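Participant: one predicted model, sequence on top.
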Amino acid sequence: MGKLKGMEVSIAIAEAVKLARCDVISAYPITPQTHVVEHLSELVANGELDAEFILVESEHSALSACVGASAAGARTFTSTSAQGLALMHEILFIASGLRLPIVMALANRSLSAPLSIWNDHSDTMAERDCGWIQFFVENGQEACDFTIQAFKIAENPQVSLPVIINFDGFILSHMIEPIELPSQEDVDRFLPPFEPVRKLDVSKPRTIGPVGIPEIYTEAHMAQENAIRQSLEVILTCWNEWERLCGRKYEPVATYGTEDADIVFVAQGALCESIRTTVKKLRGEGEKVGIASIKLWRPFPDLHFLKVIEKARLIIVVDRAISFGGPGGPLASEIKGLLFDKGKNIKVVEFIAGLGGRNVSIGDIEGMYRKAKGILKGEKAKKEGFEIIGLRV
Amino acid sequence: MGSENKFPCWEDLPVGADIPVPGSSIATKTGLWRSERPEWDHKKCIKCGVCVIFCPEGCIEFKEDGYPHADLDYCKGCGICARECFTGCIKLVKEKE
């Protein structure tokens, strides 16, 4: 194991981008992502990172610049949050449709209105179907590791897709944690220079981004769907290699206590660490409870998830975004859909917590467990659908 | 449909639905979109070339006779040449069914 160093998670992500020898960075500063790109601009200005830092006037332009750079064969990175991601919306689909392996660190923040700079998952959930591979990390070490891995996964010729790494704004972005940065030699061995499957090259002209006439568009989308599904194998191989390199093991669904649990929490991001702490405490009191942290969101790891909840009698899904007027929070509705598809008759209890930076305490999580346990014993739920934690009534 | 057979199946489609060879627009005969075609009145034409410059398809050229002509394989009949012509010598004529 290398040396642990206390550093802000945003700085660690920027250092990971440097270790990955990124060629082009284009981004527009927005809270709480700012420190990532601020540090990268310093690294480039100081000559510590040999990259182009393209200054732009908006996030729409930032991602557009990344699309151009990536199409020209450059290893490309961007980072944003909330309104910035919303402004990138149009280009998100272009980046994935053109199969450009851009990496984005997304400091999750709630969408306006009302205006909020604080953390939840409403920004990323609104872009769920943008065709990017999407990860959620729980802590700074994962944020740093996943950033390096993301380039390898994205640039794999079988994949050739962009990647979003979701890390919770403030809760992670501004947190100082002990983080082990891998050595440059290790990263160089793990991540060879980018060899694009194709690129814009004046000596070999081609069209990237032509019209997709009705005879082409369907097939292009099927190819994209196939590529993102196939990426699961590439991700697993990448994580095996990472484990051999750094000793840290990653799985699409990280678990604790699920082997014998009657009740399993399902959540994403930094909240999973709080849930894990709560689960440890409850298990100490003899409760049969576990947690499944969905690290890989797209492609959704169906089989991994089903295996994890095989023995569960009840699932508690904690969403950090609302799908207004929809069939539950975005995570819960997917879980319910999957269980229905597979004919699994497992009770799902849904909570929405931590919207717009509202704190979710260990006590709140214990409260969710008590309610779920009551329902398992036959108590009637207070109301149908989801319950919002901490809501003043 | 038989006409779709010339398109590749999804597994054979170039990544990103790229067109991997240059010059593909030459094969796309946009003239099929046209409902009206431009015709030059040689009595009024001063051979200034403004139609050549303004044609968004770049399909108008001076030919051996000294007058501009539209390549009807690509002319969409947009009428910009007629709109810009100084002497009003270009008329849009309806294409027959």
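Facilitator: Received, thanks.

Participant: output the set of residues of chain B in proximity to chain A.
Facilitator: Taking Cβ under 8 Å from any Cβ of the partner chain as the contact definition, chain B meets chain A at B:4, B:7-11, B:13-22, B:24. Quick note: C-beta positions are derived from backbone N, CA and C, even for glycine.

Participant: can you tell me which of the residues you listed are in helices?
Facilitator: Judged by DSSP state H, these include B:Ser24 as members of helices.

Participant: what subset of the residues of chain B next to chain A is buried?
Facilitator: Using 16 or more other Cβ atoms under 10 Å in any protein chain shown as the burial test, the residues of chain B next to chain A include B:Trp10, B:Leu13, B:Pro14, B:Val15, B:Gly16, B:Ala17, B:Asp18, B:Ile19 as buried.

Participant: check what pLDDT B:Ile26 gets.
Facilitator: B:Ile26 is assigned 88 on the pLDDT scale.

Participant: and it, how close does it get to B:His42?
Facilitator: In this view, B:Ile26 and B:His42 are 29 Å apart by Cβ to Cβ, to the nearest Å.

Participant: and the strands in chain B?
Facilitator: Taking DSSP state E, the strands of chain B run over residues B:36-40, B:60-62, B:68-70, B:90-94.

Participant: list the contacts of the last one.
Facilitator: Right, the one you point to is strand B:90-94. Applying Cβ atoms under 8 Å, 6 or more residues apart in numbering or on different chains, the contact partners of strand B:90-94 are B:Ser35, B:Glu36, B:Arg37, B:Pro38, B:Glu39, B:Trp40, B:Asp41, B:Cys51, B:Gly77, B:Gly79, B:Cys81, B:Ala82.

Participant: strand partners (parallel or antiparallel) of that strand?
Facilitator: Looking at strand B:90-94 with DSSP bridges, its partner strands are strand B:36-40 (antiparallel).

Participant: do the second one as well
Facilitator: According to DSSP bridges, the neighbouring strands of strand B:60-62, each with its direction, are strand B:68-70 (antiparallel).

Participant: what is the mean pLDDT for the strand it pairs with?
Facilitator: Computed over strand B:68-70, the average pLDDT equals 97.

Participant: how about the residue of the stretch 251-393 of chain A found nearest chain B, phi and psi?
Facilitator: At 17.3 Å from chain B, A:Pro299 is the closest residue in the stretch 251-393 of chain A, using Cβ to the nearest Cβ. Phi and psi for A:Pro299, reported as degrees, to the nearest 10, are phi -70, psi 140.

Participant: so after the lengthiest helix in chain A, what's the next helix or strand?
Facilitator: In chain A, taking DSSP H as the definition, the longest helix is helix A:214-246. As assigned by DSSP states H and E, the chain's next helix or strand after helix A:214-246 is strand A:253-256.

Participant: name the next helix or strand following that next one along the chain.
Facilitator: Counting by DSSP H and E, what follows strand A:253-256 is strand A:263-267.

Participant: contacts only, for A:His121.
Facilitator: Contacts here follow Cβ under 8 Å, 6+ apart; on that basis A:His121 touches A:Asn108, A:Asn166, A:Gln268, A:Gly269, A:Asp319, A:Arg320, A:Ala321, A:Pro330.
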